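Trainee: pasting the sequence and the predicted model now:
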Amino acid sequence: MIPSLARTETLLGSEALARLQAATVLIVGLGAVGGACAEALARSGVGNLHLVDGDVFDVSNLNRQPFAATSTLGQSKAEVTCARLADIAPTCRPQGETRFITPENVEELLDRTHPDAVADACDDIPAKVALLATCHRREIPVCSSMGAARKLDPTALRVTDLSETQVCPLARNVRHALRALGITHGIRCVWSSEPARPMPPGTLGSYMPVTATAGLLLAADLLSTLGGIDH
């Protein structure tokens, strides 16, 4: 028994933990949702994480992003997250990549990383749609985060097929774009049934209880798939 994962193994069983230890997950986007997801996957026993984000931490991230700190401002999100996960999860082998995902590099990224599953916490709609469509075509399990900004109620978050989403403008845009590609079902996602709170023009409020919960739900769904875990 691995000491740092003893409590996880006690709950999940040795077979499920062995599957998680052998798994590779690609995480695209390492902000508030993706960062929480990455930490949960690492602490829960996933053996290989490939972390992709082209951004750096800035002061506006301090209110919600797990690895944002005054000491990491200006530093690569991928590099900081990679170092932090290696420190807190000794059985995890994280690899960080400071780059933005685009529709043009999705195929190359998946070819190179060979993920068993993908966590999508990307905000760029064309890149998000390309990633989801390619995973769907390749039959790679994927769970995608929809809009978490302008929300206050973490209990309104749900995990369903994208076709069941309501209210969320991001989910609607992604759903329509995928439908144009002939994809109507088969994309798992985390979304909120809470209507977005009104904000002054040019502002986008966010709240860690919601974004972190979304990230944990994203991780839980992938852990269930990879480990064969029944909730």
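Mentor: Received it, and whenever you're ready, just let me know what you need. Numbering: from 1, shown residues only.
Trainee: just checking, V25 touches A121?
Mentor: No. Taking Cβ atoms under 8 Å as the definition, V25 is not a contact partner of A121, at 11.8 Å. Where you see a C-beta, it was placed from the backbone N, CA and C, and this is true even at glycine.
Trainee: okay, now P154: neighbour count?
Mentor: 19 (other Cβ atoms under 10 Å).
Trainee: contacts only, for it.
Mentor: 209-210, 212-214 (Cβ atoms under 8 Å, 6 or more residues apart in numbering).
Trainee: which of the residues you listed has the most neighbours?
Mentor: Going by other Cβ under 10 Å, A214 tops these with 27 neighbours.
Trainee: separation between that residue and S60?
Mentor: To S60, A214 is 18 Å away according to Cβ to Cβ, to the nearest Å.
Trainee: ok, now G147?
Mentor: Applying Cβ to Cβ to G147 and S60 gives a distance of 17 Å.
Trainee: now do the helices in the protein.
Mentor: For the chain, the helices defined by DSSP state H occupy 6-12, 14-22, 32-43, 77-88, 106-113, 125-138, 169-180, 208-227.
Trainee: which residues does the nearest residue to I183 once chain neighbours are set aside contact?
Mentor: In space, and not counting its chain neighbours, I183 is closest to H136: 5.4 Å by Cβ to Cβ, 6 or more residues apart in numbering. Counting by Cβ under 8 Å, 6+ apart, H136 makes contact with 142, 178, 183, 186-187.
Trainee: one more time with 7 Å
Mentor: Neighbouring residues of H136 by Cβ atoms under 7 Å, 6 or more residues apart in numbering: 183, 186-187.
Trainee: great, nothing more from me.
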